[in-house]
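Novice: what follows is a protein structure lacking sequence information:
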């Protein structure tokens, strides 16, 4: 029998293999937890089964991908297990954030299915549904933490900062939603804290730290900061204009929620008269489809949509320039450019 | 100048010093987080200020005490920092659990003040208050995790199990609350998972693990399991009969919530006729004070209160016997006996 040897592969193959292992690892961890809960009480195991379905039946795995590519760019060993756990943790943290977000926003759907609290409202009153969703989010958070048990202390310290930043972004978002209107700068800050950094920069740097290459942080920030913001702006455009097939949510859901996006902030600054009055109706969960279409037209007509699209292009350009200057292998650079394009120009 | 030397002290002095350091450490960690958030936005810093007030202005610090005593019983070095972080983490996890619990139960008060979501309902609608409380709990959870950064992997693995057990207990509790009545055994199981273990056994064993003494787990379980259950039964008695001064909550709050306690399960099994009908009114948040007093009389008259009191005594006896057999220093045994008595016979 021949000994196993690590043959030279391209970064794209390494990344694909690692992301495959992340998927298996998520499967194993979630199956294991479901099995353990079933031995306690089949009814209570529904909590873990719901998390499993949430994580495994959807999601673009963008954050694990940035984590894995950040690791490969730092020359990390593709046979190592730590990066697999770390990338799985990033995806579980995302599940935690989405499940709790949906309770806070009272979102009915997520990834084309009922949100977790809506799912549990089939079993009992609203308070029960929301309570179970709070617990489901908490448990996803714990599962993420478990993946980090064997990671070094500096990775876990950085992880802490990422989590706090995310929470701070969410708190700012909620505060802004209570205000009648917010400016472009406030909207940008929330987008950066709540979504941009935690989608791109933080996973990239976590990957670098797992490969013991803290020195890459500056390059990854230069590439990831504009990319993260562009990602979030695309999210906002999809949230306002995307179809249900694209977003897994009803058309115009962000507008009904009154989500304080940069897009809406631009439109509020540009609109006047009847257009401005129509925009002020955002945040009413009862808005009918016709009104949503009229609001979409306003976003277009006043030039807000075009402004956001232009900003996405310019941010992507900045990020590609920064990538060109980063001291990483060329095949990783190619992989990151492709991932960046997919994140920014996605339709879902 | 003389070098500092570690002079021989009794376990009680060591425990007091360690718990003092835990308090300072909680102060420093929470002040630091408040300061960091203020630089972002004074409004959003209210989230961290609320957690700080919640943690520092109340709580019996029972869990840190069991953690510290478990550590001293295992011969841990009282000068070490790891045990201080660990005990602080246990208290922060407790804050996380209480803040989320109060949202799930819609509890108005906690520790004699408005609960966190009630506090934030002064700033916006119910959804905003609950959303901010979900975030406050999440942040307390993260702060607990941060305290563990420098702890060894086996301690963090045990920590994970403790957290999952707590979540499972809370989920069972919510499921039971949707059922018309539950049996004694179900009520006991919830009490053990949700409160008993995580108050006594788990902190004790965490302390032992921090001192690298996994071998003490069996002794600490033998002592801590019955003690944790007795602690929870006392909690149930206080929740049904305690005054507002004692519990920091309105009299009979557990009865208005319909909390599926062992006490209530006993009463439901013992009562019939008009008494049984009265008990079925538990779980109505609008119950007036007179009805609460009548329900209290039923709990007394049918013998449920006496049965629970008898069980508390017998559990305490079991736990004291197990303590006598544990291979720990005598001064630690004395300290743990005093702590056990305080936990079981407390009035608040």
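Specialist: Here it is on my side, so go on. Keep in mind that what you see is a predicted model, and the values were worked out from it rather than measured.
Novice: tell me where the stretch 101-250 of chain A has helices.
Specialist: Listed in chain order, the helices of the stretch 101-250 of chain A (DSSP state H, counting those that start in this stretch) span A:116-120, A:126-147, A:153-177, A:184-191, A:197-199, A:201-210, A:217-241, A:244-247.
Novice: most packed of those?
Specialist: helix A:201-210 (a mean of 28; mean count of other CB atoms under 10 Å in any protein chain shown). No exception for glycine: its C-beta is placed from N, CA and C like everyone else's.
Novice: so how far is residue A:63 from the most centrally placed residue in chain A?
Specialist: For chain A, the residue nearest the mean C-alpha position is residue A:199 (5.2 Å; CA atoms, centre = their mean). As judged by CB to CB, to the nearest Å, residue A:199 and residue A:63 stand 6 Å apart.
Novice: and residue A:128, by the same measure?
Specialist: According to CB to CB, residue A:128 and residue A:63 sit 31 Å apart.
Novice: contact residues of the stretch 1-150 of chain A facing chain B?
Specialist: Residues of the stretch 1-150 of chain A that fall close to chain B, judged by CB under 8 Å from any CB of the partner chain: A:33, A:37, A:40-41, A:43-44, A:47, A:100, A:103-104, A:106, A:123-124, A:127-128, A:130-132, A:134-135, A:137-139, A:141-142, A:145-146, A:149-150.
Novice: follow-up on the earlier one: which one of the helices of the stretch 101-250 of chain A lies closest to residue A:291?
Specialist: Residue A:291 sits nearest to helix A:217-241 of all those, at 13.2 Å, using CB to CB.
Novice: can you tell me the average pLDDT over the closest one?
Specialist: Helix A:217-241 shows a mean pLDDT of 95.
Novice: low pLDDT regions in chain A?
Specialist: By pLDDT under 70, the low-scoring segments of chain A are A:1-9, A:180.
Novice: hmm, try it at 50
Specialist: Residue ranges of chain A with pLDDT under 50: A:1-7.
Novice: show the contacting residues for the residue nearest to residue A:228 when sequence neighbours are not counted.
Specialist: On the basis of CB to CB, 6 or more residues apart in numbering or on different chains, the spatially nearest residue to residue A:228 that is not a chain neighbour turns out to be residue A:196, at 2.9 Å. Taking CB atoms under 8 Å, 6 or more residues apart in numbering or on different chains, we find residue A:196 in contact with A:225, A:227-229, A:231-232.
Novice: one more time with 6 Å, if that's ok
Specialist: By CB atoms under 6 Å, 6 or more residues apart in numbering or on different chains, the contact list for residue A:196 reads A:228-229, A:232.
Novice: all strands of chain A, in order?
Specialist: A:109-110, A:113-114 (DSSP state E).
Novice: out of these, indicate the one that is most buried.
Specialist: Sort those by mean neighbour count, taking mean count of other CB under 10 Å, and strand A:109-110 sits at the top with a mean of 18.
Novice: what lines up beside it in the sheet?
Specialist: Paired neighbours of strand A:109-110 in the sheet (DSSP bridges): strand A:113-114 (antiparallel).
Novice: count the neighbours of residue A:321 for me.
Specialist: Counted with other CB atoms under 10 Å in any protein chain shown, the neighbours of residue A:321 add up to 12.
Novice: and it, how far is that from residue B:26?
Specialist: Applying CB to CB, the value for residue A:321 to residue B:26 is 46 Å.
Novice: go on, residue A:287?
Specialist: Relative to residue B:26, residue A:287 is positioned 46 Å away (CB to CB).
Novice: which of the two has more residues huddled nearby?
Specialist: Legend: neighbour count by other CB under 10 Å for residue A:287 and residue B:26, higher for residue B:26 (25 against 17).
Novice: so who does the more buried one touch?
Specialist: So residue B:26 contacts B:55, B:88 (CB under 6 Å, 6+ apart).
Novice: now swap in residue A:160 and tell me
Specialist: Residue A:160 neighbours (CB under 6 Å, 6+ apart): residue B:146.
Novice: if we can go back for a sec, how much space separates the residue nearest to residue A:228 from residue A:248?
Specialist: Distance, residue A:196 to residue A:248, by CB to CB: 21 Å.
Novice: just residue A:48 next, same as before
Specialist: Residue A:48 is 22 Å from residue A:248, where distance means CB to CB.
Novice: quick one, which of those two is more surrounded?
Specialist: The neighbour comparison of residue A:48 against residue A:248 (other CB under 10 Å) goes to residue A:48, with 26 against 15.
Novice: tell me which parts of the stretch 151-300 of chain A are close to chain B?
Specialist: Residues of the stretch 151-300 of chain A lying near chain B by CB under 6 Å from any CB of the partner chain: A:153, A:156-157, A:160, A:163, A:167, A:170-172, A:174-175, A:178.
Novice: let's see 7 Å
Specialist: A:153, A:156-157, A:160, A:163-164, A:167-168, A:170-172, A:174-175, A:178 (CB under 7 Å from any CB of the partner chain).
Novice: in TSV, list the residues you listed along with distance to residue A:74.
Specialist: Shown next, in TSV, are these (distance: CB to CB, whole Å):
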residue	distance to residue A:74
A:153	18
A:156	18
A:157	17
A:160	20
A:163	22
A:164	24
A:167	27
A:168	27
A:170	29
A:171	32
A:172	31
A:174	36
A:175	37
A:178	42
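Novice: residue A:24: neighbour count?
Specialist: Burial of residue A:24 is recorded as 11 neighbouring residues (other CB under 10 Å).
Novice: count the neighbours of residue A:301 for me.
Specialist: Using other CB under 10 Å, residue A:301 has 14 neighbouring residues.
Novice: now swap in the one 5 residues further on and tell me
Specialist: Applying the criterion other CB under 10 Å, we find 13 residues in the vicinity of residue A:306.
Novice: from residue A:176, how far out is the closest residue to residue A:116 other than its chain neighbours?
Specialist: Spatial nearest neighbour of residue A:116, chain neighbours left out: residue A:133 (4.2 Å); criterion: CB to CB, 6+ apart. Using CB to CB, residue A:133 is found at 23 Å from residue A:176.
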